[in-house]
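**Student:** Need coordinates for the below:
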Amino acid sequence: MNDWTIAKVIEIKKWKNNLFSLILNASIYPFVAGQFSRISYLTQDGKKIQKAYSYVNAPKDRHLEF
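**Tutor:** The predicted model follows:
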């Protein structure tokens with residue numbers, strides 16, 4: 001498994017009630033089209049929850065969109 005990369009949330013685009021895009025700034029550049037990343041967060045008990053998401057943006061874009 002690769003090491004985790006810290007990312008900063010730049011924007012959350014709300015498309016509909018249950019549909020949104022997450023725009024992140026992270027040191028993942030460039031990525032390969034078709035590639036995905038695992039995004040995780042910590043729960044209150046300190047447990048790491050993760051899920052795989054595909055990139056929506058083009059590989060040359062500076063910010064990452066999921």
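**Student:** Mean confidence (pLDDT) on stretch 44-57, please.
**Tutor:** Here stretch 44-57 scores 87 as its mean pLDDT.
**Student:** Just the endpoints, please. Distance across it?
**Tutor:** 31 Å (Cα to Cα, to the nearest Å).
**Student:** what comes up buried for that stretch?
**Tutor:** Across stretch 44-57, burial judged by 16 or more other Cβ atoms under 10 Å covers Tyr55. In this view, the C-beta of every residue, glycine as well, is placed from N, C-alpha and C.
**Student:** Spatially, what comes nearest to Gln50 if we skip its sequence neighbours?
**Tutor:** Ser40 (3.7 Å; Cβ to Cβ, 6 or more residues apart in numbering).
**Student:** Work out for me the element that neighbour sits within.
**Tutor:** strand 36-42 (DSSP states H and E).
**Student:** Quick one: list the elements packing against that strand.
**Tutor:** When contacts are defined as 3 or more Cβ pairs under 8 Å, 6 or more residues apart in numbering; DSSP states H and E, strand 36-42 packs onto strand 48-54.
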